[in-house]
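Chemist: Build me a model:
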Amino acid sequence: GCSPSALRGVMQALEHVLLETAEAWEHEGIAAGEVRPIIGAVDETFLERMMLVFMDLVSGYLLFEEVAEDRTYTTWYALVEARLEALGVGVVYLVSDRAKALIKLAEQGLACLSIPDVFHLIHDLVKSYSLAICGPLRQARQALHQARESLTTCQASPRSSEEAQQAQAAVETCEAEVERWERVHSTYRHHLETVSLIVHPWRICNSTPQTSQDVERRLHVEIDAITACIATHGLPAKKKAVEKVRKQLAGVSALVDLWWQRVWHDVQHVALTPMWQRWVDEHVLPLMYWQHQVARTRCPRRKAKLLQALESVQDAFDTHVITAQLAPEVLADWKAWAAEHAKAFQRASSAVEGRNGALAQLHHNQRGLPKRRYKVWTVLHNFDCRAPDGTTPAARFFRRGFPDLFETVLSTIDDLPRPRRRNQAMALTG
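Modeler: Presented below is the predicted three-dimensional model:
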């Protein structure tokens, strides 16, 4: 085998080649001029050092993962501005938590919308009320278990019928209490799911287009329903938490109008008749949008509702007169256009959260990482992490293919150094 120092030298050479290769490929991608405006997510993660993370949500491309001493607006803006200038692109909107520096970065530094993260919004609701609801439910189930054990003991021993009747009554009381808290929990979960299902450009029930005002109004109705449910069952009200959530509803809803504006700005050069406009609004766009959402959703209940919406739109799309009239290649172009816009509706920064979790696992598994290795992991994510369709984040971001990273880097590395050969004469005399 090779000595540790020889392997260390090979690893350092690999790191150097990886960074050089990624830099060269990125320059090629920029020169091609296919980079679209960024829909970004910004967040920080804490490993051995604090790292600031900036990702394009549509492609998953990491624009940077930089070690920083602080997370102030000045630090964020310097890093983001330098990266955008190198890429020659702007930002459509930023999705983030409600940190003041991140809001200022979007609204003042980049002159774009700062969209509250739906993931964090729902998490704030969960932190506020889940324990208050799940605690009594858990206690009721424990009490029911104990009551059933007592009833079983009474039935198995020669005790009076009065004791058995009391034990049976205790079981029935506990069952009623469990049913009550299960209903509360089910109602609470239903409202949380509804909050998530509201934030779309269409109503999920009938796929009719909705505006930011519609979305905000419906979100307030759901928050009111949650607080009413809590008050009805005597649970403690979390006024500050609810107020924090309410302040974010207008920002979350603003994404809907912004998305529709970009859609119609994209087709303003095409003179569409009212019939064609309805076909785009209510058929081809929702068809590709619901397909995209179904593919991304894991929760079985929400996925079932999305599938129902997709099937309904699919039937209407297939039977529409415009669909039947279009040539296959023209229809494919419309679908591709709609799919691009469907991917541009990004309401959560969960992709960044997932990346932070992956970095934390890598950091733990390798007992910490050298500072230079952070950039290597960024390169591996951008140019070697493949989606089910075989594309990498870099290929999606720059809209062009790149050679296989592993083969490219391996071709520049010489054979591993052979181990030192011992002197045979010394080995024999020894």
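
Chemist: Spell out the residue ranges of the strands in this structure.
Modeler: Secondary structure of the chain (DSSP state E): strands located at 38-46, 50-56, 62-67, 91-96, 113-116.

Chemist: Let me see the contact set for the spatially most central residue of the chain.
Modeler: Nearest to the geometric centre of the chain sits Ser350, at 2.7 Å (CA atoms, centre = their mean). If you count contacts by CB atoms under 8 Å, 6 or more residues apart in numbering, Ser350 has them with Phe119. Glycine gets a C-beta too; all of them are placed from N, C-alpha and C.

Chemist: What of Cys112?
Modeler: Gly90, Val91, Val92, Tyr93, Leu94, Ala106.

Chemist: ok, the third one - contacts?
Modeler: This means Val92. Pro37, Ile38, Ile39, Cys112, Leu258, Arg262, Ala344.

Chemist: one more time with 10 Å, if that's ok
Modeler: 36-40, 58, 110, 112-113, 115, 258-259, 262, 344, 346 (CB atoms under 10 Å, 6 or more residues apart in numbering).

Chemist: which among those end up buried?
Modeler: When those are checked for burial by 16 or more other CB atoms under 10 Å, the buried set is 36-40, 58, 110, 112-113, 115, 258-259, 262, 344, 346.

Chemist: buried sites along stretch 170-186?
Modeler: Of the residues in stretch 170-186, those buried by neighbour count under the rule 16+ other CB under 10 Å are Ala170, Val171, Cys174, Glu177, Val178, Trp181, Val184.

Chemist: any idea of the mean pLDDT in stretch 405-413?
Modeler: Averaged across stretch 405-413, pLDDT comes to 85.

Chemist: Report the distance from it to the chain centre.
Modeler: Stretch 405-413 has its average C-alpha position 32 Å from the chain's average C-alpha position, going by CA atoms, centre = their mean, to the nearest Å.

Chemist: Name the residues that touch that stretch?
Modeler: By CB under 10 Å, 6+ apart, the surrounding residues in contact with stretch 405-413 are 10, 13-18, 20-22, 24-25, 379-380, 382-385, 392, 394, 402-404.

Chemist: List the buried residues of that stretch.
Modeler: For stretch 405-413, by 16+ other CB under 10 Å, it's Leu405, Thr408, Val409.

Chemist: any chance of those residues in JSON lines, plus distance to Arg148?
Modeler: Output for those, formatted as JSON lines (distance: CB to CB, whole Å):
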{"residue": "Leu405", "distance to Arg148": "60"}
{"residue": "Thr408", "distance to Arg148": "66"}
{"residue": "Val409", "distance to Arg148": "64"}
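
Chemist: Out of the residues you listed, name the ones that lie in helices.
Modeler: Per DSSP state H, helices hold the following members of those: Leu405, Thr408, Val409.

Chemist: For Pro370, state which of those is nearest.
Modeler: Ranked by distance to Pro370 (CB to CB), those are led by Val409 at 18.3 Å.

Chemist: State the distance from that closest one to Glu311.
Modeler: Separation of Val409 from Glu311 (CB to CB, to the nearest Å) stands at 46 Å.

Chemist: could I get the buried residues of stretch 170-186 as a markdown table with distance to Gln277 and pLDDT?
Modeler: Shown next, in a markdown table, are the buried residues of stretch 170-186 (distance: CB to CB, whole Å; pLDDT from 0 to 100):
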| residue | distance to Gln277 | pLDDT |
| --- | --- | --- |
| Ala170 | 65 | 90 |
| Val171 | 62 | 90 |
| Cys174 | 59 | 93 |
| Glu177 | 55 | 92 |
| Val178 | 53 | 93 |
| Trp181 | 49 | 92 |
| Val184 | 45 | 92 |
